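In: structure for this input, please:
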Amino acid sequence: MSEQIKKLIVDKLPNNSSLILVGYRGSIAHGMYVPKSNPNSIDDKDIMGIYAFSQESYLGIEKLKETIEIKEGELDVVLYELKKLLHLLIKGNPNVLSLLWLEPTHYIYITPEGQTLIDNRELFVSKQVYHSFSGYAYGQLHRMTHAACQGYMGEKRKQLVEKFGYDTKNAAHLIRLLRMAIEFLNEGRLYVQRPDAQNLLEIKRGEWTLEQVKKEADRLFILANEAYTKSYLKNDVDFNKINDLCHQIIERK
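Out: Now for the predicted structure:
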């Protein structure tokens, strides 16, 4: 399967570019994937990757493609160009940060350059993640009840929203994001594969009432704010060190 995924991605890459790192994201990475054999499954197999252009391409005036999206069957792939990805990491984007803290079995393809990114993940550890994680969590909270049956949903997901009165998948994301933010602010690392996966799956399956979800979210927002205030993490990332890392990786291409 890994070789098939790699080939699918490589065939979509722009000229003068190559893969650096590919791994699972979303439900598989979190240990919450519900296979298609389950009649209530609404999960795709989400994958994220990084690619970089040759050094000569970065020195030229050609506009470089920053993002590639691939959908084939249940595979949902997003690829980011290296510099685009570094900017997302600097902002503390939860989905992108997770790529650097995956379990070894959840990496599909790692080059030496990709390993260098993983080895330097501490460069992206700062208190700023609070703003991005809590911002994403507020977005999930809003969509959970206010974006019912939107166009991005498949038919099964719409049926589940109608059944439970709220989007249980958004609810599980909401609680997961807040818990991950608190852990990160307290410990300086992401626990992507969730130790609370079964608890989160209960939410995803609609076993929690909307009031239970909101009550837990309210509690976690407070704890996240407290963790931010008390966190020992540095206030911001070191842009110069990240810039040096970018140069180091591109110079190898």
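In: you'd agree K163 is up against R205?
Out: No: using Cβ atoms under 8 Å as the test, K163 is too far from R205 to be in contact (10.8 Å). (C-beta placed from N, C-alpha, C; glycine too.)
In: and those two? Which one has more around it.
Out: R205 (16 against 11; other Cβ atoms under 10 Å).
In: buried ones in stretch 192-200?
Out: 192-194, 197, 199-200 (16 or more other Cβ atoms under 10 Å).
In: of these, which pair is most distant in space?
Out: V192 and N199 (15.9 Å; Cβ to Cβ).
In: low pLDDT regions in the stretch 51-200 of the chain?
Out: 146-154, 156 (pLDDT under 70).
In: those helices in it, which residues are they?
Out: In the stretch 51-200 of the chain, the segments counted as helices under DSSP state H, counting those that start in this stretch are 55-59, 82-90, 94-98, 112-119, 129-146, 155-164, 168-187, 197-204.
In: for K12, which of the ones you listed is the nearest?
Out: Taking these one by one with Cβ to Cβ, helix 82-90 is closest: 15.8 Å.
In: quick one, that closest one and helix 129-146 angle?
Out: 90 degrees (axes from the mean of the first three to the mean of the last three Cα atoms, to 10 degrees).
In: can you give me the neighbour number for R189?
Out: 14.
In: isn't it up against L233?
Out: No: using Cβ under 8 Å, R189 is not in contact with L233, being 10.6 Å away.
In: quick check: neighbours shared by the two?
Out: V125 (Cβ atoms under 8 Å, 6 or more residues apart in numbering).
In: tell me which residues touch Y166, please.
Out: Per Cβ under 8 Å, 6+ apart, neighbours of Y166: 144-145, 148, 210, 213.
In: which pair of these spans the longest distance?
Out: Across the contacts of Y166 (Cβ to Cβ), the longest gap, 14.4 Å, separates A148 and V213.
In: who's more crowded, those two?
Out: Between A148 and V213, V213 has the larger neighbour count (other Cβ under 10 Å), namely 21 against 15.
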